[in-house]
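Student: no letters, just coordinates:
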């Protein structure tokens, strides 16, 4: 069966186009070249009729509707799957991953390396200013390191000229280090290296007061080294991995939550 149609865009000359197969005619319909009002004819027809009046047009329309409904159902299913995945991701994101004993210990070790480096710099500066006797302190420290269980060696180290001043300055620097970094960034450089941060219970951001309180409380935790470090060891058994100073300051150390996205199908 061969088809013809009238091209209304032609104003001069032969306007009849064809012959074409029905598949070609349908392609013209899809491309917009043949419209509902376009006159068509095929062998066996008595006269030209509008495309929308043909049985092929109705069959094609029903097929388009069915395809549209099928696409709509697929789209609805995809939207439901996407919503379910987003709900799962949101629930996972809401769950806190508390930092354990060993990763917190690693972060604290990094912080102490940084503080030790600054301690050496502070000692060198104070030595140049003749506020401390660096050689005497170095010799006393060497003697102490060779036998740390000897109380007399510890006393000589603490009694070295300028040692108390150095410990005071270095202690003040440590306080500034922990308080400022925790208050501004919610984490020290050591914690940031391991993607950890400090939170206050009930809020995300750690303020200056909470940061200062946490540092003062950490001094009590350090004191528990006399009792086998129980202030730190409780991190291993506490469900929220809190040390003694976390209990006092109502803080907790958690892993950074990286954003997760659901890719859209194109």
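Tutor: Great, that's in hand. This is a predicted model, so every value here is computed, not measured.
Student: what about residue 144, which SS state?
Tutor: What DSSP: H, G, I helix; E, B strand; the rest coil gives for residue 144 is helix.
Student: so for it, what's the pLDDT?
Tutor: Looking at residue 144, its pLDDT reads 85.
Student: can you pull the contacts of it?
Tutor: Residue 144 sits next to 150, 153, 154, 156, 157 when contact means C-beta atoms under 8 Å, 6 or more residues apart in numbering. The way it works is simple: take the backbone N, C-alpha and C, and place the C-beta from them, glycine included.
Student: what distance do you get for it to residue 155?
Tutor: Look at residue 144 and residue 155: by C-beta to C-beta, to the nearest Å, they are 9 Å apart.
Student: PyMOL command to pick out the buried ones of the contacts of residue 144?
Tutor: Of these, the buried ones can be selected in PyMOL as follows, counting by 16 or more other C-beta atoms under 10 Å:
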select buried, resi 153+156+157
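Student: who are the contact partners of residue 57?
Tutor: 29, 36, 51.
Student: just the buried ones from these?
Tutor: Members of the contacts of residue 57 classed as buried by 16+ other C-beta under 10 Å are 29, 51.
Student: of the contacts of residue 57, which is the nearest to residue 133?
Tutor: Taking C-beta to C-beta as the measure, residue 133 lies nearest residue 29 of those, at 98.8 Å.
Student: element containing the closest one, please.
Tutor: helix 22-31 (DSSP states H and E).
Student: pLDDT averaged over the helix or strand that that helix is followed by, what's the number?
Tutor: Sequence order places strand 39-42 as the next helix or strand after helix 22-31, per DSSP H and E. Strand 39-42 shows a mean pLDDT of 88.
Student: count of neighbours near the closest residue to residue 200 other than its chain neighbours?
Tutor: Spatial nearest neighbour of residue 200, excluding adjacent residues (C-beta to C-beta, 6 or more residues apart in numbering): residue 210 at 5.0 Å. Residues near residue 210, counting by other C-beta atoms under 10 Å, number 22.
Student: host element of residue 210?
Tutor: Taking DSSP H and E as the criterion, residue 210 maps to helix 208-223.
Student: what's the answer for residue 8, then?
Tutor: Counting by DSSP H and E, residue 8 is part of no helix or strand.
Student: ramachandran angles for it?
Tutor: Backbone torsions for residue 8, taken as degrees, to the nearest 10, come to phi -70, psi -20.
Student: ok, it - contacts?
Tutor: 15, 38.
Student: what sits up against the helix holding residue 210?
Tutor: By C-beta under 8 Å, 6+ apart, helix 208-223 touches 175, 178-180, 182-183, 198, 200, 206, 231-232, 243-246, 248-251.
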